[in-house]
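Visitor: Sequence first, predicted model second:
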Amino acid sequence: MKRVLYTFLIFALFVTVTSCKKKGTKDVILGSWQLESVEGEELTDAEKSVSITFSKDGSFERSAAGGLSQKGKFTVSEDGKSVTITPEGDKAETMAEVKIEKDKFSFKQEGKTIVLAKKK
């Protein structure tokens, strides 16, 4: 009887620990994000309209004012600290030092910190 009880407790502990795992970067990056700021730059209204949507299937779509859009694929590094987007017919771009906190997504690109806000 004790053996069954111990087995059950170990199983319950395993289920609790695995269900409490933090969501990975790929999970929290999903959805639409709007450009909020670029370190050291004042953004125009057109630049503030830039957004990017990350989908569960590993695709993204980046759009801007005037109906401009670009599609492609994205990958998240194993450690969750970088995201690489590869637009169709273009070279890959890496977002380094990725941080996602609440409704803010920040990263470094070309030495500048870029902040995106979650679209509601």
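Guide: Thanks, I have the structure now. Numbers count the residues shown, from 1 in each chain.
Visitor: contacts, neighbours, all on C-alpha from now
Guide: Fine.
Visitor: Would you mind naming the residues that bridge with residue 37?
Guide: With DSSP bridges as the criterion, the beta-bridge partners of residue 37 are residue 115.
Visitor: Just to check, residue 70 is in contact with residue 61?
Guide: Yes. Here residue 70 reaches residue 61: they are 5.6 Å apart, a contact under CA atoms under 8 Å.
Visitor: Could you check which of those two has the larger neighbour count?
Guide: A side-by-side neighbour count of residue 70 and residue 61, using other CA atoms under 10 Å, places residue 61 first with 18 against 14.
Visitor: What is the helix or strand harbouring the more buried one packed up against?
Guide: Following DSSP states H and E, one finds residue 61 within strand 59-64. Under the contact criterion of 3 or more CA pairs under 8 Å, 6 or more residues apart in numbering; DSSP states H and E, strand 59-64 touches strand 51-54, strand 68-76.
Visitor: Burial-wise, tell me which of those strands comes out on top.
Guide: Most buried of the helices and strands packed on strand 59-64, by mean neighbour count (mean count of other CA atoms under 10 Å): strand 51-54, with a mean of 21.
Visitor: any idea how far that strand is from the chain center?
Guide: Relative to its parent chain, strand 51-54 has a centroid offset of 9 Å by CA atoms, centre = their mean, to the nearest Å.
Visitor: What of stretch 101-111?
Guide: Relative to the centre of its chain, stretch 101-111 is centred 9 Å away, using CA atoms, centre = their mean.
Visitor: Contacts for that stretch, please.
Guide: Applying CA atoms under 8 Å, 6 or more residues apart in numbering, the contact partners of stretch 101-111 are 29, 33, 94-100, 113-118.
Visitor: Quick check: the gap between residue 48 and residue 57.
Guide: According to CA to CA, to the nearest Å, residue 48 and residue 57 sit 26 Å apart.
Visitor: When those two are compared, which one has more neighbours?
Guide: It is residue 48, of residue 48 and residue 57, that has more neighbours when counted by other CA under 10 Å, with 17 against 9.
Visitor: wouldn't the more buried one be in contact with residue 36 here?
Guide: Yes. Counting by CA under 8 Å, residue 48 touches residue 36, with 6.2 Å between them.
Visitor: Nothing else from me, thank you.
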